[in-house]
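Q: just need the structure, nothing else, for what follows:
(one chain, ligands or ions: 1)
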Amino acid sequence: MGRHRLIAGAILIFTLFTGVIFPSDAQGEGNGNGLTVGFYASSCPKVEDIVTEVVARLSKQDPTLPPALLRLFFHDCFVKGCDASVLLDETPSGQPVEKKSAGNGDTIRGLEVIDEIKTQVEKECPKTVSCADILAFAAREAVNLSGLPRHTVPAGRHDSRTSRASDADYYLPTPAMPLEKIIAMFAERNLTIEDMVVLLGAHSMGQAHCTQFTDRLYKFNKDTPRDPSLNAIYGNELAGKCPEAMSKEQASRTTVDLDPTTPRVLDIQYYVNLLQGRGLLQSDQVLSTDSRTGGIVNAMAASSDTWSTKFLRAIIKMGRSNVLTEDEGEIRTNCRNYLK
Ligand code: HEM
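A: Reported below is the predicted structural model:
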């Protein structure tokens, strides 16, 4: 038996016994290959423990934080790559930053968690750990606290000095977008249709504001006010929570669970819901009926193990998207500010 086979065998046995997912399973082609597991082993050996402690402590106080942190990582990676651009309050160009975009605006949360981690990490090892890596570590904790095995996180990302609201508006998918366009956006991040369906399982936890789906209840199209793909009972429940008479202001402050059955857990209930017409966002519900994605939804709804293994691999793969490494980018000392 060759050396590579022996190593592969050892990795397989380790994975089977520990449930730890190896990033080599999830390498995106060309992208992010400068990242390595244990990147801070000698320069900041405590960083991953610090992230674990802070995310666990703050999530105990506010159990809605894990979904917020996972979404923050997604929104970072989808806009030009995982470079912490979503965290900047301003940039040298002075243009409005990603945080000010429609897709982020009032709905991104969890920024204070990243601030607290960064403060502690800077005390432990100044100017060493990037905000982009902290986001990736924090997302791993969010996933783990929500019930999935702990995956290893390749690191070595650097932080960008640019962040533009117009880029976020361009690169972030929205619930009303045609599936065709959403598929193209994931492809741009080197993610396949299967990766996309698997990653959307993230919507098995967390919340959405009424403004994100009330068109499906009251203004679907000129002949049919309510989206016919919506389960009738579920549609009535949603209408109870977000009535038509609700003011825009109230709707932008009122939230509903993305998964009404198990809202705090990452699980395959999301796919089961889709098969029952209980997907909250239009972009979710369409996955169960479109010929490119329907079979994948069925397969995920049938096996927790299949979905969770694929989900962790896809998260690692997404985290490799267009990263800055080595002499690109910088290591911020405060995640909200570029180096001056
Ligand atoms: C078609 C692609 C996607 C669309 C259109 C989409 C859209 C949305 C919208 C509209 C919300 C509700 C935001 C709010 O009103 O506060 C949301 C929440 C969320 N999204 Fe997505 N999303 C997509 C993909 C993803 C992916 C790939 C992930 C992660 C891997 C993700 C993770 C989350 C999480 C965890 C929440 C809950 C956030 C919270 O509780 O604060 N989404 N998404």
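Q: for the residue of the stretch 101-250 of the chain found nearest the ligand, give me its contacts.
A: Scanning the stretch 101-250 of the chain for the residue nearest the ligand gives residue 206, at 2.4 Å (criterion: C-beta to the nearest ligand atom). (C-beta placed from N, C-alpha, C; glycine too.) Residue 206 makes contact with 64, 67-68, 70-71, 257-258, 263, according to C-beta atoms under 8 Å, 6 or more residues apart in numbering.
Q: what's the answer for residue 106, then?
A: 209, 252 are the contacts of residue 106 under C-beta under 8 Å, 6+ apart.
Q: please apply the same query to residue 125.
A: 40, 43-44, 46-47.
Q: return the residues of the protein in contact with the ligand.
A: 64, 67-68, 70-71, 74, 107, 109, 173-175, 182, 199-200, 202-203, 205-209, 212, 258, 281, 283 (C-beta under 6 Å from any ligand atom).
Q: would you mind writing the PyMOL command to select the buried ones in the residues you listed?
A: To isolate the buried members of these in PyMOL, using 16 or more other C-beta atoms under 10 Å:
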select buried, resi 67+68+70+71+74+107+109+173+175+182+199+200+202+203+205+206+207+208+209+212+258+281+283
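Q: in helices only, show me the residues of the chain next to the ligand.
A: In this view, the residues of the chain next to the ligand that belong to helices under DSSP state H are 67-68, 70-71, 74, 182, 199, 283.
Q: ranges for the strands of the protein?
A: Ranges of strands in the chain, per DSSP state E, are 207-209, 255-257.
Q: any chance of the ones you listed in a markdown table, with distance to residue 153 too?
A: Formatted as a markdown table, these follow (distance: least, C-beta to C-beta, whole Å):
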| stretch | distance to residue 153 |
| --- | --- |
| strand 207-209 | 25 |
| strand 255-257 | 28 |
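Q: of those strands, which approaches residue 320 most closely?
A: strand 207-209 (27.4 Å; C-beta to C-beta).
Q: so how far is the closest one from its chain's centroid?
A: In terms of C-alpha atoms, centre = their mean, to the nearest Å, the centre of strand 207-209 is set 15 Å apart from its chain centre.
Q: now do the closest residue to residue 335 other than its chain neighbours against residue 57, distance only.
A: Spatial nearest neighbour of residue 335, chain neighbours left out: residue 131 (3.9 Å); criterion: C-beta to C-beta, 6 or more residues apart in numbering. Look at residue 131 and residue 57: by C-beta to C-beta, to the nearest Å, they are 20 Å apart.
Q: who's more crowded, the two?
A: Neighbour count, other C-beta atoms under 10 Å: between residue 131 and residue 57, residue 131 has more, with 31 against 11.
Q: now do the contacts for the more buried one.
A: By C-beta under 8 Å, 6+ apart, the contact set of residue 131 is 84, 87, 114, 118, 159, 332, 335.
Q: what sits against the first one?
A: Think residue 84. Applying C-beta under 8 Å, 6+ apart, the residues near residue 84 are 76, 130-132, 134-135, 157, 159-160, 332, 335.
Q: all helices for the stretch 1-150 of the chain, in order.
A: Counting by DSSP state H, counting those that start in this stretch, the stretch 1-150 of the chain has helices at residues 3-18, 47-61, 65-78, 111-124, 131-145.
Q: buried residues in the last one?
A: Neighbour-count burial for helix 131-145, with 16+ other C-beta under 10 Å as criterion, is recorded at 131-145.
Q: picking that back up, which pair of the contacts of residue 131 spans the longest distance?
A: Within the contacts of residue 131, 114 and 159 form the most distant pair, 11.7 Å apart (C-beta to C-beta).
Q: common neighbours of those two, please.
A: Each of 131, 335 lies in contact with both residue 114 and residue 159 under the rule C-beta under 8 Å, 6+ apart.
Q: for residue 83, which non-adjacent residue is closest in space?
A: Of all residues not flanking residue 83 in the chain, residue 160 sits nearest, at 3.9 Å (C-beta to C-beta, 6+ apart).
Q: which residues touch the one you found?
A: So residue 160 contacts 80-81, 83-85, 88, 132, 324, 329 (C-beta under 8 Å, 6+ apart).
Q: now with 7 Å, please.
A: 83-85, 324, 329 (C-beta atoms under 7 Å, 6 or more residues apart in numbering).
Q: most neighbours among the residues you listed, which one?
A: Busiest of these [other C-beta under 10 Å] is residue 84, holding 31 neighbours.
Q: can you pull the pLDDT of it?
A: pLDDT recorded at residue 84 is 98.
Q: distance check, it against residue 330.
A: For residue 84 relative to residue 330 (C-beta to C-beta), the value is 10 Å.
Q: between these two, which contacts overlap?
A: By C-beta under 7 Å, 6+ apart, the residues touching both residue 84 and residue 330 are residue 159.
Q: what is the neighbour count of residue 152?
A: 17.
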